[in-house]
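Asks: How does the following fold in three dimensions:
(2 chains)
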Amino acid sequence: MSAIFEGDAMSAIQKSHCHTSLNNYSPQELALEIKAFISGVDQTQGRKLSVRDHARCAVRLLRTVPACRGAVLEHLRGVYDEYVASFLQDLEAEGENGGTGTSGGGSTSISNLEDVIKEVHAVLSEFIKLSPKAWAPLVSTWAVDLLGQLSSKHAGRRAAPHSSSLNELLQLWMSCAATRSLMECYSQCLAAMLAWCPDACVDALLDTSVQHSPHFDWVVAHIGSAFPGTIISRVLACGLKDFYAHGYSSAEKVNQQQAIEKSCRVPKIGSVVGILGHLASRHSDSIKKELLRMFQDSLSPPPQNVPLHSSGAGGWENSPHLRRATVPFLLQLAALSPTLLGAVSAELVEFLRPPVLVQLQAQFQALPREEVENMLGLAVHLISQSPSGGARVLKFLADTATPSSVIISGPTPSPHDSIREACDRLLQMLLLHLHKLVHNRPEGDEPFPQSSAASAMPQVIPFLEELQGHIGDLCAETLRLERKRHLWLHQLLCLLSVYGGPSVATEALCQLFTQARNPEELALASQLYTPLSISLSGLLPSTVARCVAQIHTQTLDNKELAQLLNNLATAVQSQEEDRKNGGATTGSSAQSSMSAQVRVAVSSHLQDFCPLLLHGDNMVSKAAVRLLSCSQLPRACSPAHLLLICRAAVSHFFVCLRLQGESLKFGEEEVGYSMRLLSRLAAYSPLTQKAVLQQLVEGALHKGNRDLFGGLQENPGDDTTQSPNLVPDLGISLLDVNCKFGTSVNFSGNVWSVFHAGVIGKGLKPPYTPSQPDPDRINQNMQTLLAVMVQCCSSGGGSPSGNARNGSAVGTSNGCFPSSDPIISDELPPINAEAAKVIAVTLVENICPDVANGELSWPPEEHAKTTVERDIHIRRCFENNPVLFHLLRVVAAGRPALCYCSVILRALLSTLLAHWEASREPAVSDSPWPLQTSCLLVSCMGEGQLLPPVLSNIHEVFPLLSPFEVRLLLLGVWEYMRGNSPMPQKFTFCADQGLFFRDFSRDGDVARYIAPIHSVLHKNIDRLGHLCWRFQV
Amino acid sequence: MSDIRHALLRRDPLSAAKEVLYHLDISLGSALQSSSGPTPGLEKSTVDLVEEFIFHVPKDRNIQPKRMSCVQELQLLEIMCSYFQEQSKDSIRQIIFSALFSLQGNKADESRMAMLGKLVSMAIAVCRVPILECASTWLQRTHSAWCVRLAQVLMDDYCTLVPCAFSTLQNICSASPRFCCQLITAVTALYDFSSDELTPPPALLEMLVGWITEDPRLLLLTFINTPLNSSLPLGCLEITPLLGLLRWCVKAPLAYQRGRKLALTNGHGESEKGTAHEELYSKLHLSVLQVFLMLQVHMTEQNLIGRLAVLPVESVATLVEEVSRLCEKLTPLSAANHIQLALDRLAQALQVAMATGALLCAREDLRTLCSRLPHNNLLQLVMSGPVVQPPPHSGAFQPNMYPHIHSGRPSPLSPHSPHQSTLPPHPVLSAHPTHRPITAHTTHPSLSPHAFHPAAMAFPYRPIR
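Replies: Down below sits the predicted model:
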């Protein structure tokens, strides 16, 4: 006998063990034992068995009579239950008595039972060890069932913590010997069974979990964390099988609420969700991996899997039905548990490469239509609920759904047509679903009565929550205007804005404004705005404010900045154009409503835009001026802002002129905008008019801008410093030179003359060649400047702004910009006296170096000697700045402003007198500048009505006279001026023409001033006869 | 009757079941006494009551029957045990047992089987011989599929679940040999080597060999006790376990070889285990051959030779088929020894069976039957047979062609001499006139039935490795 068992150590052990324990029992004894077990009475002695002895008896039967095991296990349930009850009772007593007192009785019964429980545990674990295949399924179901029963039965006890606090629960039960022993048994079974039939034990676990739902969680949690890898995959596999068995088609009727109710009817998926939810806290990675693997496996062709996972996951991969049920199952699972959804959603999309899609499609083709509908609905729901990865999902859907011809993106082959259509549908359903969600959501500021009654809590849509962070990308995508894609995205943006409220909407609009590159793209902004404007108020102001903030933070590059400004300008202008076109076109009514608001919003931020006028980038400055030129100044604007704007606008004007000079094509438009802006500014208020004019004048005379108007550099010597490259630096210092001269300074020549001739040591100064730009351009610049000034002046600071607008409207209604025809139309608008005065005063301030003898009335001619230097300075100014005459003429047109220029006039006249006096040339035409100046001066004074008509005509004869005669005539002018001081008071306003006029009749007799003219005429009657009529009083 | 039912419905399941048993006892007992006929038919209503209150088959859709708990069930089993033990009349016991447990082909069969399994298992544990006797009758009359299930339950209980209790099963043999005989038949039908699970557990094998070597007649008990004219139901177990045991002996070397091949590919060998089994199988094979010889004695006594096929040809054909299939699966090189061993055993058994009249088969048929098997010298020999012209007067079967060299002689070395002695002397064999050695045996001394010879008990087979 022993030889036979040599090789079989296991059975030998069994044998030896059995012999020791079993030798004592004969069949009769066993029969008695059974009787004792059944009746609970010792058969030989006739007394009642104690609980402990009864349990012992049961254990003995378990070892010896196989047929009794069901009954024994059932009996042991009671023992365990009793133990748990007394355990808890002890705990409670301890809690009451502070651990002392009456707990003695309880604890003895506990200790009594404890060793029985230990015994049972030992027997069971021995059995499991010996023949796991036979015992493990039995014990595992028993243990799990008993655990469930115990934990739910005793859940209400005082000592037991609430079922929600899982950790405390776990602690309590694991400290109880009975439950711990059961747990250990179960773990042992599970460890044994995992090798060959893992599904059975997990099935039992799931069933029990469903039955004793919240109280049983600690078991699941404990088991799950003990066997995470296997439990997860088992649980999933079980769930899948069950799901399939219950028929997923009926189990998912899209609707979410129903799906939750369904979880009761499809029991396992509910507990699968619960278990995975527990494990997710610590093993989310493996859960994620497992879910994704499941998905992949369900799609990849089966023969590859068999070797890989045949040991792993219960072989569900091999059944085509189960494989087909996998995707619906996963969807359902995700629908029931946000945690799982979150775990998977982010990475699932990565797997959806074209081959996978093809397989998916092949899988679903077989399904009936209704089921596919349901799944789509579920998928849509899930997407809307997925907390992360939404952007990627969206991108995937859009990419896939976009018609293939549009897809340019590279190496991946374009997906199948039907896949594309499916994606298209999915996307549309998603949008529809989101639409419903968003619009049924009660909002804080705009409550819809019926929906707020339905659901009080604002519903969070995770998909949209997440997308809020990707608005920029969405806008960029939308603006690409790819066929259907931009429609979807646009719709989505709209939903997103409604969902996210003002901040999101603002962001979206701002992005659109920034990124749109042309009017079509900009139209998206207004399309977005129109529906939003219904629900969100004050959207555009905040949008514009946001744009401004963007500008301030300098987050935009130049191109974007220019785009933004241009877009704003376009938005503003569209209203004007509408109005011009009659405003009747219905399509643009929405646009105009937006543009009106944009206009208002922009106008309140003008001061923020004006620094951009001087932006280094032409595009930006041009866009800025465009925007400013078309936007309206706000009604109430602080002077500081106004001045700021004015200064920037004027500076920009000159920059424009220069640019125009450099490249005609480019600057022209900008100059037009600039002019418009300036005239608007001037028309806004006296203050701005004054500021604009003043700065225009100053700017025109500014050293840097002088050359624009054909001016000469005042100090040609500066050239050397301006262009040091022209002259090689010889490195000679003045100090050296002075040292060289030493004591024997040669004063033969004026030292200044030396310096004027050049820097000592550098040889002679190179002859100054004024860079004389194209006279046409100078002309044009001059015209432009004058046009601006005239517009500014004529718009009349005091007069209402309507006047100004008429002016600009005239300019634009020609269909071209005002600068494109710089010639001022014949009908010069009357120049405002005040404005002219401003120019006059500014001129004086700029040209006249000192204010001594600066009074308006003219001194005797001899007194001019005292102011020779100043006069020369002024004269030189005029020589260098041809534009001054033109300005003077503007002043003259705005009577009586020329009075204020009398200093200048006087200086010019005196230098001219001196010139003509000294002139020895036979004809005046030999000195062209004085001649021209004389003519201009006189005509100017005549225009300004400083001279009576006859006297002012004398310039007509100047070119025909000799220098002496000219001097005579000019002297006469001086005399007249001395006799009739140019006082503004002498002018009276003529309302019907809107101009001031001087009544010369009130002055003294003009005849005596005319006498020299007449004598000159007499003398040269042969040449001047035809002009005599001009001088008849 | 419905009164009883309503009354029972109100009671708890255990007492209701007890009541039904009592009712059954009373009604059947009185019926048996009143009618002296063979077996009184059971009333339909009684059967219904049994099914409803003992086996808990819902009769009424509205009323879900109260099930007994496991402890209550155990109580019921205990009551049954005691009842059958105390019931003195064999016939009543049999009738009640079959009333309870004979299968009706309805929904109750499952729970019937479960209860029966527990009852028999318990009876084994507490050694209730009357129940075991009843069970052996049940095993005889029931379709083999159900018998196999019962065997499965018992094997689960005693071999896998509670191996400690195995010795109680072992001891049953002395208490109820008839049950053991049927059990062996059922067990051989259960374990057919088709998979690892269906390979006989070593403990079982050892126990069977122990039983059989102790008393080979055990195998023939059912055969002997069954009246010849009784018609057995279709599909029931074989009347002797011989074929099943023969199947074990022949297939075991092949099956273990197959198992070893799998084990080797899995990385751990179990070669030592195999040798222990092989010794047991050799012993078993010897016993089987000896029982054939005993069978011949018995059949000769009853004048059954040539009239009753103890080994049906079809079953043998199936066995041959299985063996050839198993041989094909094995690689001939590594398993050549095992294949040869299996074929040797097959050949020996065939020859002895044919010689003893247990297998009624012409040699032509045998040739066609065994044509697909791999070559084996002994088998070849058996198939070719002695070159003897059949005497014209003989029938289809001539046992005298096969000399029964040793069978008639009681062997001093036989461990079964007491039983052997109980058998009457074999006048037919000893008095056989045409008894003479044939050439085949002399030409092949090494393959001759020396193996059967009790003197050759040292197993002169080739080494098994």
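Asks: mind checking the longest helix of chain A?
Replies: In chain A, with assignment by DSSP state H, the single longest helix is helix A:267-299.
Asks: Could you list the buried residues of that helix?
Replies: Neighbour counts using 16 or more other Cβ atoms under 10 Å in any protein chain shown place A:267-280, A:283, A:286-295, A:297-299 of helix A:267-299 among the buried residues. Where you see a C-beta, it was placed from the backbone N, CA and C, and this is true even at glycine.
Asks: What average pLDDT does it get?
Replies: Averaging pLDDT along helix A:267-299 yields 73.
Asks: just checking, next helix/strand downstream of the least confident helix or strand in chain A by mean pLDDT?
Replies: Ranking every helix and strand in chain A by mean pLDDT, DSSP states H and E puts helix A:801-813 at the bottom, with a mean of 37. Counting by DSSP states H and E, the element after helix A:801-813 in chain order, helix or strand, is helix A:833-847.
Asks: Which residues outside that following helix are in contact with it?
Replies: Outside helix A:833-847, the residues that touch it by Cβ atoms under 8 Å, 6 or more residues apart in numbering or on different chains are A:682, A:686, A:689-690, A:693-694, A:697-698, A:701, A:789, A:792-794, A:796-798, A:854, A:873-874, A:877-878, A:884, A:887-888, A:890-891, A:893-901, A:903-904, A:995-996.
Asks: from the chain's centre, how far out does it sit?
Replies: The chain centroid and the centroid of helix A:833-847 are separated by 48 Å under Cα atoms, centre = their mean, to the nearest Å.
Asks: how about that helix: buried residues?
Replies: Buried residues in helix A:833-847, defined by neighbour count with 16+ other Cβ under 10 Å: A:833-844, A:846-847.
Asks: thinking again about what came up before, filter the contacts of helix A:833-847 down to just the ones in helices.
Replies: Counting by DSSP H, the part of the contacts of helix A:833-847 found in helices is A:682, A:686, A:689-690, A:693-694, A:697-698, A:701, A:789, A:792-794, A:873-874, A:877-878, A:884, A:887-888, A:890-891, A:893, A:903-904.
Asks: could you pull out the strands for chain A?
Replies: With DSSP state E as the definition, chain A shows strands at residue ranges A:987-990, A:995-998.
Asks: Neighbours of the residue of the stretch 51-200 of chain A found nearest chain B, how many?
Replies: Per Cβ to the nearest Cβ, A:Pro66 is where the stretch 51-200 of chain A lies closest to chain B, at 3.3 Å. Neighbouring residues of A:Pro66 were enumerated by other Cβ atoms under 10 Å in any protein chain shown; the total is 30.
Asks: per-residue confidence at the nearest residue to it once chain neighbours are set aside?
Replies: Nearest residue to A:Pro66 in three dimensions, chain neighbours excluded: B:Asp157, at 3.3 Å (Cβ to Cβ, 6 or more residues apart in numbering or on different chains). Reported pLDDT at B:Asp157 in the predicted model: 86.
Asks: ditto for B:Phe179
Replies: pLDDT recorded at B:Phe179 is 91.
Asks: Could you tell me how far it is located from B:Ile172?
Replies: With distances taken as Cβ to Cβ, to the nearest Å, B:Phe179 is found 7 Å from B:Ile172.
Asks: again, but for A:Leu376
Replies: Note on A:Leu376: its distance to B:Ile172, by Cβ to Cβ, is 66 Å.
Asks: returning to that earlier point: considering the buried residues of helix A:833-847, which is situated nearest to A:Leu331?
Replies: Distance to A:Leu331 across those (Cβ to Cβ) is lowest for A:Ala835, with 76.5 Å.
Asks: Just give me the neighbour total for the residue lying closest to that closest one once chain neighbours are set aside.
Replies: Once flanking residues are discounted, A:Ala835 sits nearest to A:Cys793: 3.8 Å by Cβ to Cβ, 6+ apart. Using other Cβ under 10 Å, A:Cys793 has 30 other residues around it.
Asks: My read is that A:Cys793 contacts A:Ala787, right?
Replies: No: the criterion here is Cβ atoms under 8 Å, and A:Cys793 misses it with A:Ala787 at 10.8 Å.
Asks: per-residue confidence for residue 163?
Replies: All of this is about chain A. On pLDDT, A:Ser163 comes in at 63.
Asks: my question was about chain B
Replies: Confidence at B:Pro163, expressed as pLDDT, is 80.
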